[in-house]
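>>> Curious how this folds, go ahead:
(4 chains)
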There are 2 protein chains.
Amino acid sequence: MRGRAAEELTARARIRDAALREFAEHGVNGATIRGIARAAGVSPGLVQHHFGSKEALRRACDEYAVETLKRTKLEGLSGGLGSPGYSAAALDAVLPLQRYLARALVDGSPGAAELFDDAVAASKEMLGGDVPGLSRPKTADPHAYAVVMTGLSFGLTVIHEHMSRALGTDMLGAEGYARMARAMLDIITDDILAPDLVVQLRATLDRMLAESTGPRIPTSDAAARKADSDPPA
Amino acid sequence: MRGRAAEELTARARIRDAALREFAEHGVNGATIRGIARAAGVSPGLVQHHFGSKEALRRACDEYAVETLKRTKLEGLSGGLGSPGYSAAALDAVLPLQRYLARALVDGSPGAAELFDDAVAASKEMLGGDVPGLSRPKTADPHAYAVVMTGLSFGLTVIHEHMSRALGTDMLGAEGYARMARAMLDIITDDILAPDLVVQLRATLDRMLAESTGPRIPTSDAAARKADSDPPA
DNA sequence: TTGCACATTGAACGCTTGTATTGGATAATC
DNA sequence: GATTATCCAATACAAGCGTTCAATGTGCAA
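Purely as a prediction, here's the structure:
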């Protein structure tokens, strides 16, 4: 049962892998059981036999992707975009799952949403805690800070197709990933915005927030207090 | 023909608007002509009559969205996330289109890809030119810099559903948008990464790039030269 | 060998889809 | 006022979908 060669997997696993690929490429609605069966080299009936229904197959893919990604993230460094913890081997294993996740995030899968929320919580904890090399961000809205931080990372993955096209390299590969991470590092590190423009923008946004929300999400302290009162995990 | 009230549009426009909504919500494959017709309050046959086929309807939505978004972007400030040029009125008009675009980016529409590439070119031009308040970024790979910059913005829009859930506010609304933009501003402005960590990360990424690409995308100068040789528009 | 449980297949069914067609209502034109 | 064009609804139909099911192949215990 263990140590099988990559091409001698059980039919169930082959179907799951094919489904991950087909779901990632065509979306949940676009992928068909017949197409998945063809990609897995089995008959459509066998897919039904092993997973019962298309929705159950999707759930199985979801659970597998979530579990594997969580485990891989734990094994590597828990850092964000520029983490050196991605060994090439782990990257290969995770790659198809990330493609699937990218689609699932848009197609509305529960697993993808869970993964996103977990990442927000992890980001929040990391930003709030004392991580070496990371200073606590100065922000009036730590929650939004963590959400945006996570969203930036996930969002890039979701549009990896366009990123790859514009970059000329597959973003979900070692080279493209490194190139993107370095640019990301440049963006975070450099201060491209002039200080006076920053204060002007911030004033505009604060005014927008004051206008649209009334007392709900005030400009400075209350927002921070509210975010701090949220459960950190 | 002109000055019609919002609810007295021609049937063709009503169908198009409904299609934009349905495509945005269920994806291109998930949306059905019957569903679009129901949403527009017309018969399915009328959709066929006006647009010929589902694919043609999609193309019409694409063109309309691209043209309207381009025009709106031109009217407002050509800036990125924190631009104060988004008046509330323009925002309302653009909102459904952005939802559609978010889906179209993943479903693989030509218009969305065009919009993305245009944004990359615009970002590149802006970063390379002399925009007041914007300093030219210090990066070895200006092209990747512009691509990532654009991808960050587009990616956030694509996962707006998850952003809104995590934020507790609709991201594609005035309040959520402002809250997100402010957090984005905090992220770009603050230097959360310690300088020594930055150089370490950069060294790791440079090594990854040197390993994976060989002489194609070197660490420093050649990449910059290559990117500069690309057409700026 | 026999019996049995499981893996696997391929055909069939019901349903929804996109599309084509027919026909009627309404308004403009002569 | 008849005719024509345009707008619209309803129906019909072929294709593809997820799903079901009976039949066949396969490996293991008795």
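>>> Can you find the residue of chain A that comes nearest to chain B?
Residue nearest to chain B within chain A: residue A:155 (2.3 Å; CB to the nearest CB). Bear in mind the C-beta positions are built from the backbone N, C-alpha and C, glycine included.
>>> For the residue nearest to that residue when sequence neighbours are not counted, grab the count of nearby residues.
Using CB to CB, 6 or more residues apart in numbering or on different chains and skipping residues adjacent in sequence, the residue nearest residue A:155 is residue B:155, 2.3 Å away. Number of residues near residue B:155 (other CB atoms under 10 Å in any protein chain shown) recorded here: 25.
>>> Residue B:155 reaches residue A:158, doesn't it?
Yes - in this structure, residue B:155 is within contact of residue A:158 by CB atoms under 8 Å, at 5.9 Å.
>>> Stretch A:187-195 spans what distance, first to last residue?
End-to-end distance for stretch A:187-195: 16 Å, by CA to CA, to the nearest Å.
>>> Which other helices and strands does the lengthiest helix in chain A contact?
If you go by DSSP state H, chain A has its longest helix at helix A:54-75. When contacts are defined as 3 or more CB pairs under 8 Å, 6 or more residues apart in numbering or on different chains; DSSP states H and E, helix A:54-75 packs onto helix A:11-30, helix A:33-40, helix A:44-51, helix A:88-107, helix A:110-128.
>>> tell me, which of those is the model least confident about?
Mean pLDDT is lowest for helix A:88-107 among those, at a mean of 85.
>>> Close to DNA strand D: what parts of chain A are there?
With CB under 7 Å from any atom of the strand as the criterion, chain A meets DNA strand D at residues A:31-35, A:44-45, A:48-49, A:52-55.
>>> Take these and, keeping just the buried ones, write it as a PyMOL select command.
The buried subset of the residues of chain A next to DNA strand D, as determined by 16 or more other CB atoms under 10 Å in any protein chain shown, is captured in PyMOL by this line:
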select buried, chain A and resi 31+33+35+54
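>>> between the residues of chain A next to DNA strand D, which is closest to residue A:12?
residue A:49 (9.5 Å; CB to CB).
>>> for chain A, which residue is closest to the average position?
residue A:154 (3.6 Å; CA atoms, centre = their mean).
>>> so which strand or helix has that residue?
Under the criterion of DSSP states H and E, residue A:154 resides in helix A:142-158.
>>> SS state for the residue of chain A positioned farthest from its centre?
Here chain A reaches farthest from its C-alpha mean at residue A:196, the gap being 33.8 Å by CA atoms, centre = their mean. The three-state label given to residue A:196 by DSSP: H, G, I helix; E, B strand; the rest coil is helix.
>>> That one against residue B:134, yeah?
No - with contact defined as CB under 8 Å, residue A:196 does not reach residue B:134; the gap is 11.8 Å.
>>> so who does residue A:19 touch?
When contacts are counted by CB atoms under 8 Å, 6 or more residues apart in numbering or on different chains, residue A:19 touches A:31, A:36, A:40, A:47, A:57, A:58, A:60, A:61.
>>> In TSV, list those residues along with distance to residue B:202.
As requested, the contacts of residue A:19 are exported to TSV (distance: CB to CB, whole Å):
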residue	distance to residue B:202
A:31	40
A:36	42
A:40	42
A:47	47
A:57	43
A:58	40
A:60	40
A:61	36
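>>> between those residues, which is closest to residue A:207?
Using CB to CB, residue A:58 comes nearest to residue A:207 of the contacts of residue A:19, at 44.6 Å.
>>> Can you give me the distance of the closest residue to the closest one other than its chain neighbours to residue A:35?
Ranked by CB to CB, 6+ apart and with sequence neighbours excluded, the top spatial neighbour of residue A:58 is residue A:28, at 6.0 Å. Here residue A:28 is placed at a distance of 12 Å from residue A:35 (CB to CB, to the nearest Å).
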